[in-house]
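[1] Sharing a sequence plus its predicted fold:
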Amino acid sequence: MNFLTALLAYAISHDISRDEMQIRHINYCQNLYFQPNSEQKLLDASCDLAQTQYDIAYVKTGKY
């Protein structure tokens, strides 16, 4: 079972909306970004690496 399928099963069992699930996944990806071996962990979690890097850079600029 891939990560997103497991996340979907979790969301359904806890009555979490699709939008909330997407937000939680994005937050999870952003947290993984700062961990050792992050690139592989991001790929394993089906994260969009380019989008995650963009989001992190955007927040670091302080212009949000």
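    Yep, it's here.

[2] any weak-confidence spans in the protein?
    Along the chain, segments meeting pLDDT under 70 span 1, 64.

[3] The same query, at a cut-off of 90, please.
    Confidence mapping of the chain against pLDDT under 90 gives the ranges 1-22, 24, 46, 59-60, 62-64.

[4] and E20, which of the three is it?
    helix (DSSP: H, G, I helix; E, B strand; the rest coil).

[5] when you give positions from now on, start the count at 48
    All set: I'll call the first residue 48, so the last point we hit is now E67.

[6] right, and it touches A58 too?
    Yes: assessed by Cβ atoms under 8 Å, E67 is found in contact with A58 at 7.5 Å. All C-beta spots, glycine's among them, are computed from the backbone N, C-alpha and C.

[7] The two: which is more packed in?
    A count of neighbours by other Cβ atoms under 10 Å puts A58 above the other of E67 and A58, at 17 against 12.

[8] Next up, the contacts around that one.
    S64, R65, E67, M68 (Cβ atoms under 8 Å, 6 or more residues apart in numbering).

[9] Now with 10 Å, please.
    S64, R65, E67, M68, Q69, R71, H72 (Cβ atoms under 10 Å, 6 or more residues apart in numbering).

[10] One more: Q82?
    K88, L89.

[11] Just the buried residues of stretch 73-89, please?
    Y75, C76, Q77, L79, Y80, S85, K88, L89 (16 or more other Cβ atoms under 10 Å).

[12] Determine the next helix or strand in the C-terminal direction from the host helix or strand of R71.
    Using DSSP states H and E, the element containing R71 is helix 65-79. As assigned by DSSP H and E, the chain's next helix or strand after helix 65-79 is helix 85-91.

[13] May I see the buried residues of the helix or strand just after that following helix?
    The element immediately downstream of helix 85-91 (helix or strand, assigned by DSSP H and E) is helix 96-108. Using 16+ other Cβ under 10 Å as the test for burial, helix 96-108 gives T99, D102.
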